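S.K.: I'd like to go over a predicted model; first the sequence, then the structure.
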Amino acid sequence: MNYKFLLKNHSALAGAVITLLFLLAIIFWPVISPWSSSAHDFLNVLKQPSFQHPFGTDSLGRDVATRVFEGAQVSLLISLSGVIIAMIIGVSIGLYAGYRGGYFDLIVMRVVDLFFGFPAFVLALFLMVALGFGVTNVSLAIMLVYFPIFARITRNTTEVVKNDHFVQAAMIMGQSTRRILCLEILPNISAPILVQASVAVAFGIVIESGLSFIGLGVQPPTASLGVIMADGQEYFRRAPWVMTLTGLVITALLLGLNLLGDGLRDLSDPRLKTRES
């Protein structure tokens, strides 16, 4: 039934197709491309897009398409690592806070509210200034931005599910707190967490690109989407395709991930499942 619903949900299908195509391009383009992302060719500087160079070349004669898809690998890995760590920490804290309640829940939620008091990019910007530049610190910044969101979602859904009969039955049977949290509650609240994870990966790419674009994230010569955008800005009037095509790649990737997240949200909505059945 879920597969039929997924096929009927055009947003989910479009998001899955776009995301899959980009993942294939990110993985295989740098492998099959005849150009190296770091090879300089001063005879082909700032060449317009062509059959040989679909995205043109940059100020050092490097193939922009190869750099973009290699940079997308870096940006996606940074975002994924930050979101996964944020999800592990946030879900663990949220599960325990929602299940136990009391002073622990009160303190955790006040800390979460403190993080929510700052816009995501401003918070990431402040953390990068405090932590310093580099790939690892960008991942840490993304983690600190998103773990409060996972903690809040997990805590709120846990508070609802812990009063269900199957959880009460597990408590009466004397099951341990860890077993109840991991085997009874977590599987039943995983849908909104996974939806948030897909959206967080998309906006994690935005955070990485923004930080690298202003020089506070990934540093050259490491290629990332933000680094390539910043490089293209310097000669935008002479070669607008470098910045423009890189921006279109970011936009399309975000569109795919967001459509996929919307589809997962619809797929996990019991009201829509009931309507379909």
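M.R.: Cool, the structure landed. Source: prediction; values computed, not measured.
S.K.: from here on, just use CA atoms for contacts and neighbour counts.
M.R.: OK.
S.K.: could you pull up the mean pLDDT of stretch 159-166?
M.R.: For stretch 159-166, mean pLDDT is 86.
S.K.: so which bits of that stretch are buried?
M.R.: 159, 161-162 (16 or more other CA atoms under 10 Å).
S.K.: so how far is that stretch off the chain centroid?
M.R.: 30 Å (CA atoms, centre = their mean, to the nearest Å).
S.K.: what do you get for stretch 16-36?
M.R.: Here the centre of stretch 16-36 is set off from its chain's centre by 18 Å, with CA atoms, centre = their mean.
S.K.: likewise for stretch 231-241?
M.R.: With CA atoms, centre = their mean, you get 27 Å for stretch 231-241.
S.K.: contact partners of it?
M.R.: 46-49, 55-56, 58-59, 242-243 (CA atoms under 8 Å, 6 or more residues apart in numbering).
S.K.: nearest to residue 106 among the residues you listed?
M.R.: For the contacts of stretch 231-241, the residue nearest residue 106 by CA to CA is residue 243; the value is 46.3 Å.
S.K.: tell me the contacts of that closest one?
M.R.: Taking CA under 8 Å, 6+ apart as the test, what residue 243 contacts is 228-233, 236.
S.K.: does it count as helix, strand or coil?
M.R.: helix (DSSP: H, G, I helix; E, B strand; the rest coil).
S.K.: can you give me the distance of the residue nearest the centre of the chain to residue 266?
M.R.: By CA atoms, centre = their mean, the chain has its centre lying nearest to residue 201, at 0.7 Å. Distance of residue 201 to residue 266, given as CA to CA, to the nearest Å: 18 Å.
S.K.: one more: residue 20?
M.R.: Residue 20 is 19 Å from residue 266, by CA to CA.
S.K.: more neighbours: these two, which one.
M.R.: A direct count of neighbours by other CA atoms under 10 Å for residue 20 and residue 266 places residue 266 higher, at 19 against 15.
S.K.: helices along the stretch 51-200 of the chain, start to end?
M.R.: 64-100, 102-116, 120-131, 135-161, 165-172, 177-179, 190-213 (DSSP state H, counting those that start in this stretch).
S.K.: may I see the ones you listed organised as TSV, with distance to residue 42 added?
M.R.: Converted to TSV, these look like this (distance: least, CA to CA, whole Å):
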stretch	distance to residue 42
helix 64-100	14
helix 102-116	48
helix 120-131	35
helix 135-161	29
helix 165-172	67
helix 177-179	61
helix 190-213	25
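S.K.: all good on my end, thank you.
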